[in-house]
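*Asks:* coordinates only, sequence not included:
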């Protein structure tokens, strides 16, 4: 399929940038929001792999940028798995517990986009990031 | 298309491929399928990360974790621990030699901190065999902008103003070369990419072609538009099979997208590129010799003028530019001349890629802004000398350059300052030498290379370098006389003045510069019949310290010529007339009783 104009080239770029942008965000750590999903045995048993994939899908669906989703080890709250930590640059990290079903979308809509912390799900507010 | 949460980037440069990185890619895919993670995790073979001494390298995105020296056996652990459970595999992280700290992120490493990547921007970031990834990082936008928005003269002006100079060695202004090729009227003109990388130890051009072939293709098309050429040729040595393969894949993808071929971006501009394989002769890096080789003739240089810009390939105006030079062009077109000008020194703009090799801890490919000092490259990026030994010299410019001593380590690197201290930029080979390297021997090594690579067309180079090599051989065998030094100097000067091309004119440089900076070492070889570094085998004789020897017989047992005598528990003695100075006894002795010459 020949590319006939700069606009067409930019369309190809748009179509593929989603695929590679997680590499670019890995490079610029300063401005990026981090969502850390606990993926230890306890987390996996409680369904954290689905949570992780739900984040990836929804971020893509909502075309959110500058967010990276990273799997991490056990955060120590095995009673409330799946656990998710949200690190927004310049703000204190928040750990949510029992992140299941539509909580993923609520975190993205309310916390990430509107800055409202979901008190019902907060496990701990901490200054130490798990990463 | 499934959305993948993690990308496992595996280095697919020649260095890492030789340590099984391609098998590592397959193994990752295999284990991921076995664990049913193949839809969530992508495994991507990418270009050279530059940190070749630590290869094979595996980088995980978006976590930004950088694993070094990964083997096939580590793959399962990375998948099970890192990918599935989110636990970083600590033992595979890079450990900084001085601080013993493990560093998971590559930007924390001294090796990367001072680097600034323009030519290597996509190496290690994209899959070089996928044009879409190149386009995703703004690829081919520069070409689109050039042919649809700029006139050829504007492109030339832009490149001229940016201050980009040839990265192959000479340092001639790239924009000016294009302008000179554009001027003469002709029915056909040519763009040639010089990928005949011949300096011993230099591999930046290969790495760029392997890691980001599209950047060179795009830049060649821009050059073609600027000078009015519709044909491009990549002259590459056949001993770079991986680079050739990736280039061929890239060319066919670019043609499929119509980014090469007829009527590019519907601008009426036609351009296509073919690959010509060279046999790997050093002299073919010289542009006139290169052109003859492309034409199917012997790779011999001819006198300039006429310059290729007037009479080049098939007697038509031709612009010959180096791979790294081309790789700088698309960012200049996209970001502008001012951006490029803001990097580097007054006369040398932008960055330069160096292949750091020799006795330095972090061997690899580094790209630094012009004006960075040699000390920063060797100590901050290179991590200092192996085993904490003393730095002796660094050779830049390969066989055409000279040695730089500790006195000049703080010289900011650019074309002019390196020339001023008797060396040159060259294509960017940088070989670090320590106290164990004999400078006469190093000079001999380079002369051996140039006399071997001399095409034989002109007498000064054909015979002169051979004679110089013979004299050096004599000196390293302990048969030299003081007259030999005068002969080396006058021969060297004569060759410099009278050889036909750059190869001959610069061939004596390693000898002349070591004569200037390490005259003492020549004297020791000639007068005292000693090699201070202990590298010249004919001159080095091992001895045994009778005070320290306990008569364990370890040395006598490993001696391949049985020249060590002595009974158990008695002091051993080396028969110096039979000793071949292999050093086996030195390594075998556990009591430091063997004295190195």
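*Replies:* Structure's in. What do you need? Only a predicted model underlies this, so the values are computations on that prediction, with no experimental measurement involved. Numbering: from 1, shown residues only, chains lettered A, B, ... in the order given.
*Asks:* In the strand or helix carrying residue B:465, which of the residues would be classed as buried?
*Replies:* Per DSSP states H and E: residue B:465 is located in helix B:465-476. Using 16 or more other C-beta atoms under 10 Å in any protein chain shown as the burial criterion, the residues of helix B:465-476 that qualify are B:465, B:468, B:469, B:471, B:472, B:473, B:475, B:476. The way it works is simple: take the backbone N, C-alpha and C, and place the C-beta from them, glycine included.
*Asks:* Quick check: end-to-end length of stretch B:143-161?
*Replies:* Counting by C-alpha to C-alpha, to the nearest Å, you get 18 Å between the two ends of stretch B:143-161.
*Asks:* same deal with stretch B:391-405?
*Replies:* Counting by C-alpha to C-alpha, the length from the leading to the trailing residue of stretch B:391-405 is 8 Å.
*Asks:* And the spatially closest residue to residue B:469 that is not a sequence neighbour, how far from chain A?
*Replies:* Excluding the flanking residues, the one nearest residue B:469 by C-beta to C-beta, 6 or more residues apart in numbering or on different chains is residue B:447, at 4.4 Å. Distance from residue B:447 to chain A, counting by C-beta to the nearest C-beta, to the nearest Å: 44 Å.
*Asks:* Could you count how many residues lie near residue B:447?
*Replies:* Neighbour count of residue B:447, defined by other C-beta atoms under 10 Å in any protein chain shown: 26.
*Asks:* Quick check: residues of the stretch 51-200 of chain B near chain A?
*Replies:* Selection of the stretch 51-200 of chain B residues close to chain A by C-beta under 8 Å from any C-beta of the partner chain yields B:61-64, B:83-87, B:105, B:107, B:125-126, B:132-133, B:135-138, B:140-141, B:144-145, B:148.
*Asks:* what ranges of chain A fall below the confidence cut-off?
*Replies:* For chain A, the stretches with pLDDT under 70 are A:25-31, A:125-131.
*Asks:* from it, which residue is nearest to chain B?
*Replies:* Of all residues in chain A, residue A:2 sits closest to chain B, at 3.0 Å by C-beta to the nearest C-beta.
*Asks:* correct me, but that residue touches residue B:255?
*Replies:* No. In this structure, residue A:2 is not within contact of residue B:255 by C-beta atoms under 8 Å, at 9.3 Å.
*Asks:* give me the residue from chain B nearest chain A.
*Replies:* residue B:258 (3.0 Å).
*Asks:* and that residue, which of the three is it?
*Replies:* Here residue B:258 is recorded as coil under DSSP: H, G, I helix; E, B strand; the rest coil.
*Asks:* Which pLDDT value belongs to it?
*Replies:* Confidence at residue B:258, expressed as pLDDT, is 95.
*Asks:* what is in contact with residue A:2 and residue B:255 at once?
*Replies:* Common contacts of residue A:2 and residue B:255 (C-beta atoms under 8 Å, 6 or more residues apart in numbering or on different chains): residue B:261.
*Asks:* what does the lengthiest strand in chain B rub up against?
*Replies:* Taking DSSP state E as the criterion, chain B has its longest strand at strand B:269-278. Contact with strand B:269-278 is made by B:147, B:196, B:217, B:220-221, B:224-225, B:229-238, B:244, B:247-248, B:251, B:255, B:260-264, B:284, B:290, B:293-294, B:299, as judged by C-beta under 8 Å, 6+ apart.
*Asks:* My reading is that residue B:59 lies in a helix. Confirm?
*Replies:* No. Counting by three-state DSSP, one finds residue B:59 to be strand, located in no helix.
*Asks:* Can you check the pLDDT for it?
*Replies:* 94.
*Asks:* Show the contacting residues for it.
*Replies:* Contact partners of residue B:59, counting by C-beta under 8 Å, 6+ apart, are B:8, B:9, B:49, B:65, B:66, B:67, B:106, B:124.
*Asks:* Then residue B:221?
*Replies:* B:143, B:232, B:259, B:260, B:264, B:271, B:273.
*Asks:* Number of residues surrounding the fifth one?
*Replies:* Read that as residue B:264. Residues near residue B:264, counting by other C-beta under 10 Å, number 28.
*Asks:* What of residue B:592?
*Replies:* Residue B:592 has 10 nearby residues by other C-beta under 10 Å.
*Asks:* Look up how far residue B:513 lies from the nearest residue to it once chain neighbours are set aside.
*Replies:* Nearest residue to residue B:592 in three dimensions, chain neighbours excluded: residue B:548, at 5.9 Å (C-beta to C-beta, 6+ apart). Distance of residue B:548 to residue B:513, given as C-beta to C-beta, to the nearest Å: 39 Å.
*Asks:* Looking at those two, which one has more neighbours?
*Replies:* Higher neighbour count among residue B:548 and residue B:513: residue B:513, with 24 against 13, using other C-beta under 10 Å.
*Asks:* my read is residue B:552 is in a strand, agree?
*Replies:* No. Assigned with three-state DSSP, residue B:552 falls outside any strand and is coil.
*Asks:* mind listing what it touches?
*Replies:* Contacts of residue B:552 (C-beta under 8 Å, 6+ apart): B:568, B:590, B:591.
*Asks:* Including neighbour count and distance to chain A, could the residues you listed go into CSV?
*Replies:* Formatted as CSV, the contacts of residue B:552 follow (neighbours: other C-beta atoms under 10 Å in any protein chain shown; distance: C-beta to the nearest C-beta, whole Å):
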residue, neighbour count, distance to chain A
B:568, 10, 58
B:590, 10, 45
B:591, 13, 49
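*Asks:* Looking at the residues you listed, spot the one nearest residue B:75.
*Replies:* Lowest distance from residue B:75 to the contacts of residue B:552 (C-beta to C-beta) belongs to residue B:590, with 38.6 Å.
*Asks:* ok, for the closest one, nearest residue in space, not its chain neighbours?
*Replies:* With sequence-adjacent residues excluded and distances taken as C-beta to C-beta, 6+ apart, residue B:590 is closest to residue B:554, at 6.8 Å.
*Asks:* ditto for residue B:586
*Replies:* residue B:594 (4.5 Å).
*Asks:* Tell me where the longest helix sits in chain A.
*Replies:* In chain A, ranked by residue count with DSSP state H as the criterion, the top helix is helix A:6-27.
*Asks:* what's the burial count for residue 60?
*Replies:* No chain in the question, so chain A it is. The burial count for residue A:60: 12, using other C-beta under 10 Å.
*Asks:* That was the other one, I meant chain B.
*Replies:* Counted with other C-beta under 10 Å, residue B:60 comes out at 22.
*Asks:* give the contact list for it.
*Replies:* Contacts of residue B:60 (C-beta under 8 Å, 6+ apart): B:6, B:7, B:8, B:9, B:67, B:78, B:82, B:83.
*Asks:* Check residue B:35 too.
*Replies:* Counting by C-beta under 8 Å, 6+ apart, residue B:35 touches B:79, B:80, B:84.
*Asks:* could you pull out the strands for chain A?
*Replies:* Going by DSSP E, chain A shows strands at A:33-38, A:67-72, A:84-87, A:94-96, A:122-125.
*Asks:* wait, the stretch 401-550 of chain B
*Replies:* With DSSP state E, counting those that start in this stretch applied, the stretch 401-550 of chain B shows strands at B:402-405, B:429-434, B:543-544, listed in chain order.
*Asks:* Tell me which of those strands lies nearest to residue B:340.
*Replies:* Closest to residue B:340 of the strands of the stretch 401-550 of chain B is strand B:429-434 (C-beta to C-beta; 22.9 Å).
*Asks:* how far out from the middle of the chain is that closest one?
*Replies:* 11 Å (C-alpha atoms, centre = their mean, to the nearest Å).
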